[in-house]
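# With the sequence up front, the predicted model follows.
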Amino acid sequence: MEIITTHINADFDAMASMIAAKKLYPEAVMVFPGSQEHNLREFLVESTFYFFNFAKIKDLDFANIQRLILVDTRQAGRIGRFENLAREAEVDIHIYDHHPASEDDLSGSREVIRPVGATVTILTEIIR
Ligand SMILES: [Mn+2]
């Protein structure tokens, strides 16, 4: 199983990047690693957002996850329960991010990291 996830307290860039990444990884499951930012949570509740079929982290079988696709972050300490999984060598990691490097960064077999205004910019360009 492939998982698309992002940072805790997901904001709109995080969410948009997850949906964009789903275009690149159609078989992957989108999961927030924890709570979303307040504004985003309101948006989720008040819109038809659930059309996009986000999964709940509590429903995941972590033993079946072979690849983590991280968007809008690559910091191990920001991905909640996925941190332990990400540190296991057997799990393949792909990263799409626009944040400056930090000591807490994970590395991936595929990394697309550019200092643009939003991660979704990077993904949109790849899709185009
Ligand atoms: Mn961002």
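Great, that's in hand.

# which parts of this protein sit against the ion?
13, 72, 119 (Cβ under 5 Å from the ion). Any C-beta I mention is one placed from the backbone N, CA and C, and that applies to glycine too.

# all strands for the chain, in order.
Per DSSP state E, the chain carries strands over the ranges 2-5, 29-30, 67-71, 92-97, 110-113.

# so what's the spatially closest residue to residue 112 that is not a sequence neighbour up against?
Distances taken as Cβ to Cβ, 6 or more residues apart in numbering place residue 96 nearest to residue 112, at 5.0 Å, with adjacent residues excluded. Applying Cβ atoms under 8 Å, 6 or more residues apart in numbering to residue 96 gives the contacts 17, 21, 69, 70, 71, 72, 112, 113, 119, 122, 123.

# ok, what's across the strand from residue 96?
residue 71, residue 112 (DSSP bridges).

# Check what pLDDT residue 110 gets.
Looking at residue 110, its pLDDT is 98.

# Identify the residue of the protein closest to the ion, quick one.
Residue of the chain nearest the ion, by Cβ to the ion: residue 13 (3.4 Å).
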